[in-house]
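>>> here is a sequence together with a model predicted from it:
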Amino acid sequence: MGNIPGMTKTGPFINRSPIVLASGSPRRRELLSDLGLTFDVHPSPLEEPAPKPDESPADYVLRMAELKTLDVAGKFRGATVIGADTAVVLGNRIMGKPRSKLDALDMLEALSGETHQVVTGFCVVLPDGAILSEAVSTDVDMRVSTEDELMSYIETGEPMDKAGAYAIQGVGTFLVTAIRGSYTNVVGLPVARLLEVLSKYGIVTPENL
């Protein structure tokens with residue numbers, strides 16, 4: 001098992017079983033690497049279906065996280081497999097990744113000056129096959145932005161592969177005035193809560209133990 005190529009272990013934790021990350025997200029890879037964990041990356045190739053009628057955001061991201069994680073876990077018996085799915089939610093609207101620049105502008109204009117929720121569902125399949133899943137929500141306040149500002153941001157290309165068309169850890173940080181809850185959850189993985197789960201089952205411990 002290995003970290004991201006070119007990176008050295010610097011974090012305070014160590015994993016006591018092989019870990020597989022069932023996600024291609026570079027943000028999630030970086031968050032796990034920052035803990036000091038070693039892992040392989042094997043994203044699921046499954047397509048993500050649309051939300052069901054009346055399906056809550058938490059239920060939707062949990063369903064997506066479980067779908068992808070279980071798909072990968074079937075290929076890696078005896079490993080701990082971690083997957084996640086993140087959605088930006090404004091009222092009853094679940095925002096995925098924009099399909100075009102105009103779609104990105106529509107999302108960002110809707111979010112401008114409003115408070116929305118970022119909901120991440122994560123799923124962990126333990127080496128014995130047990131399945132653990134949970135959803136975490138964070139409130140995010142956005143500044144009022146002009147159309148010119150938003151179009152300039154869209155032209156950077158950053159919004160095009162991000163749920164809700166922005167990245168809090170990137171250029172899009174200028175859009176955010178405040179958050180309430182887990183910052184890493186907005187990035188794409190609620191690290192503190194995930195670490196609690198992995199520690200509880202002995203998958204991860206402090207390195208000096």
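Received it, and whenever you're ready, just let me know what you need.
>>> what's the helix or strand for Leu150?
Secondary structure from DSSP states H and E places Leu150 in helix 147-154.
>>> for that helix, enumerate the helices and strands it packs against.
Judged by 3 or more CB pairs under 8 Å, 6 or more residues apart in numbering; DSSP states H and E, the packing partners of helix 147-154 are helix 101-111. For glycine as for every other residue, the C-beta is placed from the backbone atoms N, C-alpha and C.
>>> angle of the helix it packs on against helix 147-154?
Orientation of helix 101-111 against helix 147-154 (axes from the mean of the first three to the mean of the last three CA atoms, to 10 degrees) gives an angle of 120 degrees.
>>> what does helix 101-111 contact?
Helix 101-111 is contacted from outside by 88, 90, 93, 95, 98, 142, 145, 147, 150-151, 153-154, 159-160, 164-166, 175, using CB atoms under 8 Å, 6 or more residues apart in numbering.
>>> for ChimeraX, write the select line for the buried members of those.
Listed next is the ChimeraX selection for buried residues among those, using 16 or more other CB atoms under 10 Å:
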select :88,90,95,98,142,145,150,153,154,159,164,165,166,175
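>>> in the protein, which spans are helices?
26-34, 57-73, 101-111, 147-154, 183-187, 191-200 (DSSP state H).
>>> could I get these in CSV, plus columns for distance to Ile14?
Shown next, in CSV, are those (distance: least, CB to CB, whole Å):
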stretch, distance to Ile14
helix 26-34, 12
helix 57-73, 22
helix 101-111, 39
helix 147-154, 39
helix 183-187, 20
helix 191-200, 11
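>>> for Arg16, find the nearest of the ones you listed.
helix 191-200 (9.5 Å; CB to CB).
>>> and the angle for that closest one with helix 26-34?
50 degrees.
>>> surely Gly181 meets Thr120?
No - Gly181 is beyond contact range of Thr120, at 10.4 Å (criterion: CB atoms under 8 Å).
>>> how about the contacts made by the residue nearest the centre of the chain?
For the chain, the residue nearest the mean C-alpha position is Gly188 (2.2 Å; CA atoms, centre = their mean). By CB under 8 Å, 6+ apart, Gly188 lies in contact with 25, 27-28, 31, 84, 86, 120.
>>> so His116 touches Ala163, yeah?
No - using CB under 8 Å, His116 makes no contact with Ala163, being 10.8 Å away.
>>> the two: which is more packed in?
Of the pair His116 and Ala163, Ala163 is the one with more neighbours under other CB atoms under 10 Å, namely 24 against 19.
>>> figure out how far the least confident helix or strand in the chain by mean pLDDT is from the centre of its chain.
Ranked by mean pLDDT, DSSP states H and E, the weakest helix or strand in the chain is strand 93-95, scoring a mean of 93. Distance of strand 93-95 from the chain centroid (CA atoms, centre = their mean, to the nearest Å) equals 15 Å.
>>> which helices and strands does that strand pack with?
Secondary elements touching strand 93-95 (3+ CB pairs under 8 Å, 6+ apart): strand 80-90.
>>> tilt between the strand it packs on and helix 26-34?
Using the same axes, to 10 degrees: strand 80-90 against helix 26-34 is 130 degrees.
>>> what about the protein, any weak spots by pLDDT?
Filtered on pLDDT under 70, the chain yields the residue ranges 1-9, 209.
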